[in-house]
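>>> I need the structure of the sequence given here:
(2 chains, ligands or ions: 2)
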Amino acid sequence: MDAMVRELSYAQAIQEAMAIAMDMDERVFLMGEDIGVYGGAFQVTGDLVDRYGADRVLDTPISELGGAGVAVGAAVTGMRPIFEFQFSDFATLAMEQIVNQAAKMRFMLGGEVSVPVVMRFPAGSGTGAAAQHSQSLEAWLGHVPGLKVIQPATPYDAKGMLLAAVADPDPVMIFEHKLLYKAKGPVPEGYYTVPIGKADIRREGRDLTIVATSIMVQKALDAAATLEAEGIDVEVVDLRTIRPMDKQTVIDSVKKTSRMMCVYEAVKTLGIGAEVSAMIAESEAFDYLDAPIVRLGGAETPIPYNPELEKATVPQVPDIISAARDLVKGVR
Amino acid sequence: MAGASKAVADSRANLPFVYRQYSAEQLKEVLYKMYLIRRFEEGAEESYMRGLIHGTMHLSIGQEASAMGICMPLTEDDQITSTHRGHGHCIAKGAEVKRMFAEFFGKTTGYCKGRGGSMHIADVGKGNLGANGIVGGGIPIAVGAALSSKMMKTGKVVVSFFGDGANNEGAFHEALNMAAVWKLPVIFVCENNGYGMSTSTARSTAVKNIADRASAYSMPGVIVNGNIFSEVAEASHKAVERARAGEGPTLIESKTYRHRGHSKSDRNRYRTKEEIEDWMSNRDPITLFENELREFGFIDDKGIESIRDAVAKEIADGIEFAKASPSPDVRDTANYVYTEQA
Ligand SMILES: Cc1ncc(C[n+]2csc(CCOP(=O)(O)OP(=O)(O)O)c2C)c(N)n1
Ligand SMILES: [Mg+2]
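Ligands and ions are numbered 1, 2, ... in the order given. You can find the predicted model right below:
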């Protein structure tokens, strides 16, 4: 099997998954702004238009509300659209179709229809694109029953989870951190899926569980490498799916380490960290905790343009290291 | 702005509108500002290439006549909303390039104190309510500003700049309808440069001209050659008069072209070199305006030379100002999220 594994970037892995999905099922097609000849704002669709034609790699006008709604309508009636938002921030223009329609249609119609739509959202800060192009809004959609919301953190997962999303009969929202697009990792050729709703333990450890999402997984691993030299043994749980959340993996990890920290880029308050923390507090793992839970999230501010301010508003590796150190040493 | 005197006006009777309406000084000021926009963007582009500016930017090089023509009849009290391609609008409405550079360099002396950058450049003091990172995002805001003007009886006229791509957003349609129903003093200015990113209007838009949309909202729809300053300014004058008279909105479609790619990451695969070359060498708005000024005797080569020199100096000074300005303190990330209250 090893011979079939190559190093691909996260963006290439997504592109390959979309190509495989289109090869396997003629109902699958791509929609989005500038995904054709331009190749997508982040070159994720790349040259797919040359291989699959403009009918299956469909450039839309700049119409997020309408575009998302058209994708929902096509999904309900037999097609399998993969809709790319140019930036996740523009989901705000399409909230109506995502939240009121895609998420609820099956329920409202008593199970008479399914909405097998996939939506992709390039998310996150770090590119100097300022307040309206840098947000992490995944928890917004994570709050809506009827949607599945995933955040692959590696090229391997990006491909496998996208293929799982296409195969899924319900709407799946994929948040892709823009800074991950160029990150490389091993990706097998051909079809495989990575299950939605299953977290992954990226690093085993005894002293502390860090539950991280998306780009924060790598940052947590980097922090863990430094902390190991200090004798602090960190377990890193990559949540991967925020709805439906894999509670058991997190609970089991916390029972083992007795300490938990959540690290995510989105604004800290009312976010994923709150959910994971409350879930642990409600679970049997609560009795195992040796220290209060710690959340590291984005600052309570829009993302600023100035690069130093921009960095200061989201957790960085040194922030994770010092918070983990304090947590393990009992510093409050 | 005050018009030309009666005697001067008579001697220019056969010239296009702006040459009758404005003094030689005013027209030379327009040329100065068109150069200022061009050189500002070239300076920003170069600074970006040298790593002094981060993020991305959208240059309006090739669209200077449109920004200047539309803003010509506006007073300092009038307001605009602008777009991601908004540097020209900002300068045309009266901003200082040194504070714009400072913003691009992320400094506290910038118009947004380093928080906004190119895509959110604004100059609220001069009536620019801001560029926008959201395509179409500024259009309803302009209508709201016009509603304020009407309710507060300030007499302000509001201009909303947007691109051809924005006309396919719901916000455009909702905003135009309300402006028309309430007869608001707002002017919708579509700068049609042929493309929304890579997508031509032919591929994205069901009507041939964006101005055709006006009839659906019962307002005049006017098409102008956006690269001819005089044409743009004349249309803007009429629309401003109509707005001030309480007769309601106008949609102006200013047909133009951007010489540069959409942003800093554009490979220009959706248009030909020949097309770009044609617009650059045969329809450059600054060259066209310069030629007219020369032909009608408003300026000579020496005058043009001295304008270029003065602009070069203002740009160089602006970049120095930006470089020398302080960066914000990272402890101040929470500033301006909410209004500071005593
Ligand atoms: C709501 C929204 N959708 C998409 C984008 C990404 N985007 C930025 S500019 C642009 C093209 C805009 O085209 P147009 O309105 O014609 O303005 P131009 O760039 O040509 O000046 C796109 C798609 C955005 N910023 N906001
Ligand atoms: Mg355009």
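>>> Sticking with the closest residue to residue B:301 other than its chain neighbours, tell me its helix or strand.
Spatial nearest neighbour of residue B:301, excluding adjacent residues (Cβ to Cβ, 6 or more residues apart in numbering or on different chains): residue B:294 at 7.6 Å. From N, CA and C alone the C-beta is placed, and that goes for glycine too. Using DSSP states H and E, residue B:294 maps to helix B:285-295.
>>> likewise residue B:68?
Residue-wise, residue B:68 maps onto helix B:64-71 under DSSP H and E.
>>> so what secondary structure elements neighbour that helix?
Here helix B:64-71 touches helix B:24-49, helix B:87-92, strand B:158-163, strand B:186-192, helix B:229-244, strand B:250-255, helix B:285-295, going by 3 or more Cβ pairs under 8 Å, 6 or more residues apart in numbering or on different chains; DSSP states H and E.
>>> With mean pLDDT and mean neighbour count added, can I get the ones you listed in CSV?
Below are those laid out as CSV (pLDDT from 0 to 100; neighbours: other Cβ atoms under 10 Å in any protein chain shown):
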stretch, mean pLDDT, mean neighbour count
helix B:24-49, 98, 20
helix B:87-92, 98, 29
strand B:158-163, 98, 29
strand B:186-192, 98, 30
helix B:229-244, 98, 22
strand B:250-255, 98, 26
helix B:285-295, 98, 18
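>>> what would these look like in CSV with distance to residue A:228?
Below are the helices and strands packed on helix B:64-71 laid out as CSV (distance: least, Cβ to Cβ, whole Å):
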stretch, distance to residue A:228
helix B:24-49, 40
helix B:87-92, 49
strand B:158-163, 52
strand B:186-192, 56
helix B:229-244, 65
strand B:250-255, 61
helix B:285-295, 61
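>>> Next, see if the host helix or strand of residue B:202 gets close to chain A.
Using DSSP H and E, residue B:202 falls within helix B:201-204. Yes - judged by Cβ under 8 Å from any Cβ of the partner chain, helix B:201-204 comes into contact with chain A through B:203, B:204.
>>> Can you dump the C-alpha atoms of that helix in PDB for me?
This file holds the C-alpha atoms of helix B:201-204, laid out as PDB (Å, rounded to 0.1, in the frame of the first residue of the first chain):
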ATOM      1  CA  THR B 201     -20.400  40.200 -17.300                       C
ATOM      2  CA  ALA B 202     -21.500  38.200 -20.300                       C
ATOM      3  CA  ARG B 203     -21.100  35.000 -18.200                       C
ATOM      4  CA  SER B 204     -22.600  36.400 -15.000                       C
END
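>>> So what touches that helix?
Helix B:201-204 has contacts (Cβ atoms under 8 Å, 6 or more residues apart in numbering or on different chains) with A:59, A:60, A:61, A:62, B:164, B:165, B:168, B:192, B:194, B:195, B:196, B:210.
>>> Can you tell me the SS state at the residue lying closest to the first one once chain neighbours are set aside?
To tie it back to what came earlier, the one meant is residue A:59. In space, and not counting its chain neighbours, residue A:59 is closest to residue A:36: 4.3 Å by Cβ to Cβ, 6+ apart. Following DSSP: H, G, I helix; E, B strand; the rest coil, residue A:36 is assigned to coil.
>>> hmm, back to that, flag every buried residue along the helix holding residue B:202.
Residues of helix B:201-204 classed as buried by neighbour count (16 or more other Cβ atoms under 10 Å in any protein chain shown): B:201, B:203, B:204.
>>> who's in contact with the residue nearest to residue B:301?
Contact partners of residue B:294, counting by Cβ under 8 Å, 6+ apart, are B:300, B:301, B:304.
>>> same deal with residue B:226?
Listed by Cβ under 8 Å, 6+ apart, the contact set of residue B:226 reads B:63, B:65, B:66, B:69, B:191, B:192, B:232, B:254, B:255, B:256, B:285.
>>> Any chance of those residues in a markdown table with distance to residue B:88 as columns?
Shown next, in a markdown table, are the contacts of residue B:226 (distance: Cβ to Cβ, whole Å):
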| residue | distance to residue B:88 |
| --- | --- |
| B:63 | 6 |
| B:65 | 9 |
| B:66 | 8 |
| B:69 | 11 |
| B:191 | 9 |
| B:192 | 15 |
| B:232 | 12 |
| B:254 | 12 |
| B:255 | 16 |
| B:256 | 10 |
| B:285 | 10 |
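>>> Need the residues that contact the helix or strand harbouring residue B:276.
Using DSSP H and E, residue B:276 sits in helix B:273-282. With Cβ under 8 Å, 6+ apart as the test, helix B:273-282 has contacts from B:62, B:257, B:259, B:268.
>>> re the thing from before, which of the contacts of residue B:294 sits closest to residue A:259?
Of all the contacts of residue B:294, residue A:259 sits closest to residue B:304, with 71.6 Å by Cβ to Cβ.
>>> ok, that closest one to residue B:293 distance?
Using Cβ to Cβ, to the nearest Å, one gets 8 Å for the distance from residue B:304 to residue B:293.
>>> Between the two, which contacts overlap?
residue B:31.
>>> rewinding a little: the helix holding residue B:68 near ligand 2 anywhere?
No - if you take Cβ under 5 Å from the ion as the test, helix B:64-71 misses ligand 2, and the best it gets is 11.5 Å.
>>> and that helix, how far from the chain's centre?
Taking Cα atoms, centre = their mean, to the nearest Å, one finds helix B:64-71 lying 6 Å from the centre of the chain it belongs to.
>>> Quick check: what element follows that helix along the chain?
Beyond helix B:64-71 in the direction of the C-terminus, DSSP H and E gives the next helix or strand as strand B:79-81.
>>> Which elements pack onto that next one?
Applying 3+ Cβ pairs under 8 Å, 6+ apart, one finds that strand B:79-81 contacts helix B:138-152, strand B:158-163.
>>> re the thing from before, which one, of the helices and strands packed on helix B:64-71, ends up nearest to ligand 2?
Ligand 2 lies closest, by Cβ to the ion, to one member of the helices and strands packed on helix B:64-71: strand B:158-163, at 3.7 Å.
>>> How many residues are close by the closest residue to ligand 2 within the stretch 151-300 of chain A?
Nearest residue of the stretch 151-300 of chain A to ligand 2 (Cβ to the ion) works out as residue A:178 at 23.3 Å. Other residues within reach of residue A:178, judged by other Cβ atoms under 10 Å in any protein chain shown, total 22.
>>> wait, what's in contact with it?
A:42, A:122, A:123, A:124, A:126, A:127 are the contacts of residue A:178 under Cβ under 8 Å, 6+ apart.
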